[in-house]
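Colleague: kindly generate the corresponding structure for this input.
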Amino acid sequence: MRNETNHRTTECRRYSLQSQNIKGMLIRAYSINRQILLDDIRKPCIRGCEVNVMEKSTEWNLQEFKEELFFIKESSPEMSARIRYQLEDIPRYLDGLREQKKTSENAINHLKKERELVALQIDELRLKHNTLDAKIGKEEEICSRLERTIAHANETYEKLVESSQSLVDYVKKEYEDARSSGSSLT
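Modeller: Now for the predicted structure:
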């Protein structure tokens, strides 16, 4: 690896990625897919990070990349120190992310417990609903039977009243006939 303290700032140049000789440079990559090749090994490169390229690197074929990268051949010591400072912030950010993950996991657990309680309430209400359906069915059966009984009783009563009237009329007629025939005997 090159000694970073010997680096000087040079202008940023734009290279097309058709085919480049990239040897012994400190590279800052700005790419859409955020990947560059190092010694023919793919390594992810976060947008704007700097990567040391070994001097013994062979020529790299970068034709597979569709976008363009910006390369800085040499970087100042201040820039490297700033990058190191930014890299030192990463664990702090990671801790923050872990805390957020714990908070999110706690929220997930709380919501799952609440969902279980709601599911139990739904089961209880479904059981109560089924019980009420069964009771309603029994009451409807009783009501239907009573309705049939009342209709039959009314029909029978009307027939009874009709036949009673007929009986009364018959007995009265017989009585009157008997009386009128009995008076002729006397």
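Colleague: averaged pLDDT, the one helix or strand residue 86 maps to. What do you get?
Modeller: Assigned by DSSP states H and E, residue 86 falls within helix 77-185. What helix 77-185 shows for mean pLDDT is 89.
Colleague: that one packs against which elements?
Modeller: On a contact count with 3 or more CB pairs under 8 Å, 6 or more residues apart in numbering; DSSP states H and E, helix 77-185 meets strand 50-52. (C-beta placed from N, C-alpha, C; glycine too.)
Colleague: let's test this: mean pLDDT of the strand it packs on, rounded?
Modeller: On average, the pLDDT along strand 50-52 is 41.
Colleague: distance of residue 176 from residue 123?
Modeller: Remark: distance between residue 176 and residue 123 (CB to CB, to the nearest Å) = 79 Å.
Colleague: just residue 164 next, same as before
Modeller: Using CB to CB, residue 164 is found at 61 Å from residue 123.
Colleague: equivalent analysis for residue 173, please.
Modeller: Applying CB to CB, the value for residue 173 to residue 123 is 75 Å.
Colleague: also residue 107?
Modeller: Using CB to CB, residue 107 is found at 25 Å from residue 123.
Colleague: cool, residue 156 as well?
Modeller: 50 Å.
Colleague: can you check residue 113 too?
Modeller: Relative to residue 123, and taking CB to CB, residue 113 is found at 16 Å.
Colleague: and what of residue 146?
Modeller: Using CB to CB, residue 146 is found at 35 Å from residue 123.
Colleague: before we move on, what about residue 114?
Modeller: Counting by CB to CB, the separation of residue 114 from residue 123 is 15 Å.
Colleague: what do you get for residue 141?
Modeller: Distance from residue 141 to residue 123, counting by CB to CB: 27 Å.
Colleague: now residue 159
Modeller: For residue 159, the distance to residue 123 equals 54 Å [CB to CB].
Colleague: equivalent analysis for residue 102, please.
Modeller: Distance of residue 102 to residue 123, computed by CB to CB: 32 Å.
Colleague: ok, now residue 160?
Modeller: Distance of residue 160 to residue 123, given as CB to CB: 55 Å.
Colleague: and residue 178, by the same measure?
Modeller: Counting by CB to CB, the gap from residue 178 to residue 123 is 81 Å.
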